[in-house]
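**Student:** predicted model and sequence follow; I will ask about them next.
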Amino acid sequence: MADQNDVLSHDIQPAPTHPEEMTGVFNLHVGNWMSLQASGRMTPAGMVAIGLTLAAFAATILALARLRK
């Protein structure tokens with residue numbers, strides 16, 4: 001049986017990235033008392049999915065607005 005220390009000592013490898021992946025980093029400092037850091041990554045397929053979702057949402061809102069009149 002493997003020792004628990006041997007199992008926990010292995011380095012965790014980062015997730016493989018997509019070859020066309022886009023990344024972004026955001027740093028915001030407000031004086032000396034607040035700091036906000038964020039990062040994100042997205043693939044082209046993710047951008048297409050977001051576009052289709054927003055188009056479906058806009059079509060639904062438009063249909064509901066027309067029904068209300």
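**Tutor:** Happy to help now that I have it.
**Student:** report the central residue of the chain.
**Tutor:** Central residue of the chain (Cα atoms, centre = their mean): residue 40, 5.2 Å from the mean position.
**Student:** pull up the pairing partners for the helix or strand where it lies, direction included.
**Tutor:** Here residue 40 is covered by strand 34-42, with elements defined by DSSP states H and E. Strand pairing for strand 34-42, determined by DSSP bridges: strand 22-30 (antiparallel).
**Student:** before we move on, the earlier item: specify the angle between the first helix or strand past the strand holding residue 40 going along the chain and strand 34-42 in degrees.
**Tutor:** Sequence order places helix 44-68 as the next helix or strand after strand 34-42, per DSSP H and E. Calculated by axes from the mean of the first three to the mean of the last three Cα atoms, to 10 degrees, helix 44-68 forms an angle of 100 degrees with strand 34-42.
**Student:** avg pLDDT for stretch 22-36?
**Tutor:** For stretch 22-36, mean pLDDT rounds to 89.
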